[in-house]
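Below are the sequence and a predicted model for it; my questions follow.
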Amino acid sequence: MNQRPDYPASAGEFLTRTNRVRNTLLLSAGLLGLLSACHRETAVKGPQQKLQLSVGDVREVTVDARQDTTWQLTATSDNQEVVDVSRKPSVTAADNEPKTQSTGPTAYLIKGVTVGTARVVFSEKPVGEEGDGRIKRTYVVTVVNK
């Protein structure tokens, strides 16, 4: 009748298998949360500006481009249902035909299509190179009803 409880001999034996699995899962979830937070933060680089448009409104944005023709400037929207982005054609005085500008400041048109929010990213990269390139400017565009 003199039974003593069975205590572990060392602190390492104290954690049961269930506790070890739970701690591993919690640590993994925390690490995954940290990594995803870091990814979101590094995804947006360069100057970021806010822009508000009404549905149907068009805003002209000018972005400086390199004078070198081996580089190209691109604009992309992460939500094309909300915002339409296009390069504004320049018109030559001699023949009044639209001509795309390759060097110097480049004008883009941002049009609000439907209510919502979209991120418009302007980036540059060498012509023919794959990937996103170097981000020059980012707009967070909010489109509202008129």
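Cool, the structure landed. Numbers count the residues shown, from 1 in each chain.

hey, where'd the strands end up in the chain?
With DSSP state E as the criterion, the chain has strands at 48-54, 58-63, 71-77, 83-87, 90-91, 98-99, 106-112, 116-126, 134-144.

closest to residue 28 out of these?
strand 116-126 (29.9 Å; C-beta to C-beta). Quick note: C-beta positions are derived from backbone N, CA and C, even for glycine.

and that closest one, what's its mean pLDDT?
Strand 116-126 comes out with an average pLDDT of 93.

Contacts made by that strand with the rest, please.
44, 51, 61, 63, 65-66, 70-83, 85, 108, 110, 131-143 (C-beta atoms under 8 Å, 6 or more residues apart in numbering).

list the buried ones in that strand?
Buried residues in strand 116-126, counting neighbours by 16 or more other C-beta atoms under 10 Å, are found at 118, 119, 120, 121, 122, 123, 124.

Dump those residues into a markdown table; add distance to residue 27 as well.
Below are these laid out as a markdown table (distance: C-beta to C-beta, whole Å):
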| residue | distance to residue 27 |
| --- | --- |
| 118 | 36 |
| 119 | 32 |
| 120 | 38 |
| 121 | 34 |
| 122 | 40 |
| 123 | 36 |
| 124 | 41 |
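
which pair in those residues spans the largest distance?
Largest separation among these by C-beta to C-beta: 118 and 124, giving 20.3 Å.

quick one on the thing from earlier: which one among the buried residues of strand 116-126 gets closest to residue 17?
residue 119 (45.8 Å).
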